[in-house]
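# Build me a model from this:
(one chain, ligands or ions: 1)
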Amino acid sequence: MAFRARTSLPPRIALNAGLRRGFSRRCSSSSALFRPEALSVFELEAPTLGISSDSAHVDFINSRLVADGILKIRLGFSDEKSQYLEQIIRQLHTNHGHGLPITHSASRGWFWDVRPTTPFQQSTISASSSAMPTSTQARSETMEEFPWHTDCSYELSPPRYFALHVLHHDRCNGGTTSILRVKELLQSLSPGTKYALSRPDFRIEVPPEFTKNGNERYITSSLLQEPSLTPMNPQLRFRQDIITPLTTDATKALQELKAGFEKIEVQKAILHLTPELLPKGSIILIDNRRWLHARKYASSTCHT
Ligand SMILES: [Fe+2]
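Purely as a prediction, here's the structure:
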């Protein structure tokens, strides 16, 4: 799962995923719940690395992803190389048609680290990466603030899932990732606005660090999946800084969409994945089309 796929997507669950490993902040199992009230998130326990090849365990993970589009897993063992997550991804691919992850960028593989470093200090840990570091670092690889977005929104077919494996959480409580279900964001929008968002009237720039085809500087697409295709679980692509509406209706719809983040009912639906909720050893899998995410600043140093 964590961000992104260059490979063609299986038509069914259209899924590729990108994998993300969080540093410094970022069924054999019992399950528990944590907030928010209306958006309970299953918490699954993985007591051993070996359970990653247990079919019942993997089936359960898949079922929760299909049903909820989100799942938290708590590892009961040390896994600095994310072997559990890699194995789960392979199993989801083999047994549930998820597809394998995309490479993160022209220079990254399945996994990348999120931590306050300079580009050349980063290490790439990937089962498939053959890439070398470049001087171009994606914002998602840093701990800078990142407003509401979905990953790879500039892809013709954005990856379906991504994963965050917290190797070390931020000791100063920084770097909180927040998530918001698309369904809650769209609830207050009019049918006309949703229709405009589902029209291919938006130009979406491909960030330079993700340009893999020299001629592919932007795509033209809708932001919202045709609502009649996903009435219960709407799917969205969004990253404000790279989207340009091409019509008057698209401009108005985008404005209304952005205003939606400030509504009280939407604010109440946001789940903040603080280090307390997502401590070291946690993995969270998220449907990149049904959930938006954002990140607040994570300090590289703190004084205690
Ligand atoms: Fe992201």
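
# can you count the residues close to H168?
By other CB atoms under 10 Å, the residues close to H168 number 16. Glycine gets a C-beta too; all of them are placed from N, C-alpha and C.

# I meant to write N215 there.
Using other CB under 10 Å, N215 has 5 neighbouring residues.

# mind checking how far it is from H98?
Going from N215 to H98 by CB to CB, to the nearest Å gives 29 Å.

# What ranges in the stretch 101-250 of the chain fall below the confidence cut-off?
103-109, 115-144, 170-175, 212-214 (pLDDT under 70).

# what ranges do the helices span in it?
Under the criterion DSSP state H, counting those that start in this stretch, the stretch 101-250 of the chain contains helices at 182-186, 191-197, 248-260.

# Now that we have those, can you turn them into TSV and tack on mean neighbour count?
Output for the helices of the stretch 101-250 of the chain, formatted as TSV (neighbours: other CB atoms under 10 Å):
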stretch	mean neighbour count
helix 182-186	21
helix 191-197	18
helix 248-260	17
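
# Compare those helices and give me the one nearest I61.
I61 lies closest, by CB to CB, to one member of the helices of the stretch 101-250 of the chain: helix 182-186, at 21.2 Å.

# measure A46 to D201 for me?
For A46, the distance to D201 - CB to CB - is 44 Å.

# Please say which of these two ends up with more neighbours.
Between A46 and D201, counted using other CB under 10 Å, the more crowded position is A46 (25 against 21).

# picking that back up, nearest to K81 among the helices of the stretch 101-250 of the chain would be which one?
Closest among the helices of the stretch 101-250 of the chain, using CB to CB: helix 182-186, at 32.6 Å.

# That closest one - contacts with which helices or strands?
On a contact count with 3 or more CB pairs under 8 Å, 6 or more residues apart in numbering; DSSP states H and E, helix 182-186 meets helix 248-260, helix 264-268, strand 291-295.

# how deep is the residue of the stretch 201-304 of the chain found nearest the ion tucked in, by neighbour count?
The stretch 201-304 of the chain approaches the ion most closely through H293 (5.6 Å), counting by CB to the ion. Using other CB under 10 Å, H293 has 22 other residues around it.

# residues contacting the nearest residue to it once chain neighbours are set aside?
Closest residue to H293 apart from its sequence neighbours, by CB to CB, 6 or more residues apart in numbering: I179 at 4.8 Å. With contacts defined as CB atoms under 8 Å, 6 or more residues apart in numbering, I179 is in contact with I70, I270, L271, L273, I286, W291, L292, H293, A294.

# distance of the first one from Y161?
Relative to Y161, I70 is positioned 10 Å away (CB to CB).

# Kindly point out which residues are neighbours of both of the two.
L285, I286, D287.

# Strands along the chain, start to end?
Under the criterion DSSP state E, the chain carries strands at the ranges 17-22, 31-34, 41-46, 70-75, 113-114, 146-149, 161-166, 177-181, 202-205, 218-221, 243-245, 271-273, 282-287, 291-295.

# Strand partners (parallel or antiparallel) of the fifth one?
In the sheet, strand 113-114 lines up against strand 17-22 (parallel) (DSSP bridges).

# contacting residues around L224?
L186, K194, L197, S198, P234, Q235, L236.

# brain fart, I219
Counting by CB under 8 Å, 6+ apart, I219 has contacts Y154, E155, L156, R203, I204, V206.

# same question, I204
S153, Y154, Y218, I219, T220, S221, R237, R239, I242, I243, T244.

# What count of nearby residues applies to whichever residue of the stretch 151-300 of the chain sits closest to the ion?
At 4.5 Å from the ion, D151 is the closest residue in the stretch 151-300 of the chain, using CB to the ion. Neighbours of D151 under the rule other CB under 10 Å: 26.

# Could you do I283 as well?
25.

# That one pairs with what?
Counting by DSSP bridges, the residues bridging with I283 are I73, H165.
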